[in-house]
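Chemist: Task: produce atomic coordinates for the following.
(one chain, ligands or ions: 1)
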Amino acid sequence: MPVKSGGIRSGLEQAQTPAGRTQRLPLSGACKQQGSGAAISFSHVGQYFLLREKSGARAIEALHDVNLEIQKHEFVAIVGPSGCGKTTLLNIAAGLVQQQFGEARVNGAVPRAGQKNVAYMLARDALLPWRTAIRNVEYGLELNGVAKKERRHRAGELLAAVGLSGYENAYRSQLSHGMRQRVALARTFALDSSILLMDEPFGALDSHLKIQLGELLLSLWEQNKRSVMFVTHDLHEAIALADRVIVMRPKPGHIAADIPIPLPRPRNLNSLQVNSEYHELYQHIWSVMGNV
Ligand SMILES: Nc1ncnc2c1ncn2[C@@H]1O[C@H](COP(=O)(O)OP(=O)(O)OP(=O)(O)O)[C@@H](O)[C@H]1O
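Modeler: As a prediction, the model looks like this:
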């Protein structure tokens with residue numbers, strides 16, 4: 001699982017806090033006290049990184065006083081411009097970065113890499129090139145000791161669900177980019193993880209494929225509504241998929257708004273394109289993001 005260099009706690013790149021940065025922002029509606037049984041929670045989370053430049057090193061405040069709870073079965077999208085700290089926040093939940101300030105909890109525990117019950121999906125498919133599609137989907141089940149017959153059956157069902165029947169024995173190099181992301185999606189759902197952390201999983205796909213894979217994601221999610229933290233640059237995608245959209249802003253990275261998405265479920269992403277409420281939500285959040 002790739003991590004931006006220096007993102008791991010043991011690295012030396014985490015900067016000291018400049019004096020006086022203790023200001024607390026008011027909590028948003030989503031920010032409640034720790035320990036309330038949320039799937040994921042961040043309480044007063046702050047993070048600095050040290051950016052090395054020719055002229056010396058500079059501290060970047062990647063996250064400032066972030067408070068957020070994602071409830072069980074909730075689908076939450078995080079949007080915001082490049083550099084506002086979306087991935088850093090996701091990496092804290094994944095246990096890949098340990099925050100310097102505040103607390104984070106995943107299923108009530110301190111997040112750590114490889115934690116049970118949490119699946120992670122990235123923009124790049126990250127399929128193992130020496131394994132066939134079905135054996136990629138089986139991978140997590142294999143690590144968990146699931147018997148071969150059972151895991152093969154489950155992986156086959158998931159490949160069928162993402163429209164890849166007939167490609168079970170194809171290798172990564174034989175699949176298109178969209179097909180690879182379908183395999184990655186099937187792999188993400190193969191384990192019964194109660195939490196999905198998704199970092200722009202469809203970011204590299206064209207808009208048509210994005211909608212197709214968004215539909216697939218929602219149809220898999222509807223089966224048992226895992227808790228999802230979904231980072232994206234694409235506001236259309238965020239509104240179409242999520243129960244809530246969290247808007248982040250940079251310098252320093254912080255939560256600027258927490259907006260519920262009252263669109264009914266199950267959703268059909270194609271019909272949303274002609275849904276006026278969807279477009280109104282888009283205009284509203286776009287204006288919150290400071291782009292009008
Ligand atoms: N390991 C690191 N070392 C130094 N700086 C980092 C590191 N990881 C993130 N940063 C800095 O922290 C800030 C937030 O980065 P992050 O990747 O979380 O933003 P993002 O919103 O996910 O951006 P993007 O949408 O472009 O992926 C940026 O200024 C980035 O340069």
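Chemist: Just to check, residue 103 is in contact with residue 38?
Modeler: No - using C-beta atoms under 8 Å, residue 103 makes no contact with residue 38, being 11.9 Å away. In short, each C-beta sits where N, CA and C put it, glycine included.
Chemist: Looking at these two, which has the bigger crowd around it?
Modeler: residue 38 (22 against 13; other C-beta atoms under 10 Å).
Chemist: Secondary structure class of the more buried one, three-state.
Modeler: Following DSSP: H, G, I helix; E, B strand; the rest coil, the label given to residue 38 is coil.
Chemist: OK, contacts around it?
Modeler: Residues in contact with residue 38 (C-beta atoms under 8 Å, 6 or more residues apart in numbering) are 32, 69, 70, 71, 72, 105.
Chemist: Touching, the fifth one and residue 37? I think so.
Modeler: Spelled out, it's residue 72. Yes - with contacts counted by C-beta under 8 Å, residue 72 reaches residue 37, the gap being 7.3 Å.
Chemist: Settle it for me: which of those two has more neighbours?
Modeler: For residue 72 versus residue 37, neighbours defined as other C-beta under 10 Å are more numerous around residue 72 (14 against 10).
Chemist: buried residues in stretch 190-210?
Modeler: Using 16 or more other C-beta atoms under 10 Å as the test for burial, stretch 190-210 gives 190-191, 193-203, 205, 209-210.
Chemist: ok, back up a step: go through the contacts of residue 38 and give me the one with the most neighbours.
Modeler: Each of those was scored for neighbours by other C-beta under 10 Å, and residue 70 scores highest at 25 neighbours.
Chemist: That one pairs with what?
Modeler: Judged by DSSP bridges, the bridge partners of residue 70 are residue 40.
Chemist: Enumerate every residue touching the closest residue to residue 215 other than its chain neighbours.
Modeler: Excluding the flanking residues, the one nearest residue 215 by C-beta to C-beta, 6 or more residues apart in numbering is residue 269, at 5.2 Å. Residues near residue 269 by C-beta under 8 Å, 6+ apart: 211, 214, 215, 218, 240.
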